[in-house]
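# let's see this in three dimensions:
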Amino acid sequence: VQLQASGGGLVQAGGSLRLSCAASGLTFSIYTMGWFRQAPGKERELVGAISWSAGTTYYVDSVKGRFTISRDNAKNTVYLQMNSLKPEDTAVYYCAAGPRSGHSGPYYYWGQGTQVTVSS
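Numbers count the residues shown, from 1 in each chain. Below is the predicted model of the structure:
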């Protein structure tokens, strides 16, 4: 199983980035997919998750209204559109394949992470 995250980079506050995560080696369409992030000195947190059918999404409060998670099961890819970025969004972002239902976990497979840096 491979989850390949991409799309990170350096952006000014207020800017946008779109992260992508391409999956292979698993039946992508049956998994809830999540985006996590971990900032230096902080615990990893679940930023957003999307059910297998894309019918249900979850967002942590700090990103609601700014981030949008989506998926394309035909392309085995999950996306995270990040708008109105803030310096506190700076972190390594990871995609993960999780439970058949719900978003709390467990998450079985993880990508390698992509760095997002937001300058003030």
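# got a pLDDT number for residue 102?
As summarised for this prediction, residue 102 has a pLDDT of 85.
# right, and it touches residue 34 too?
No: using Cβ atoms under 8 Å, residue 102 and residue 34 do not qualify as a contacting pair, with a distance of 10.7 Å. Just so you know, the C-beta spots here come from the backbone N, C-alpha and C atoms, and that holds for glycine as well.
# which of those two has more residues huddled nearby?
Comparing residue 102 with residue 34 by other Cβ atoms under 10 Å, the one with more neighbours is residue 34, at 26 against 12.
# quick check, central residue of this protein?
For the chain, the residue lying nearest the average C-alpha position, counting by Cα atoms, centre = their mean, turns out to be residue 35 (2.3 Å).
# so what's that residue up against?
By Cβ atoms under 8 Å, 6 or more residues apart in numbering, residue 35 lies in contact with 19, 21, 46-49, 69, 78, 80, 93-96.
# format those as CSV; extra columns: neighbour count.
What follows is the contacts of residue 35, written out as CSV (neighbours: other Cβ atoms under 10 Å):
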residue, neighbour count
19, 25
21, 26
46, 18
47, 23
48, 24
49, 25
69, 23
78, 31
80, 27
93, 23
94, 22
95, 29
96, 24
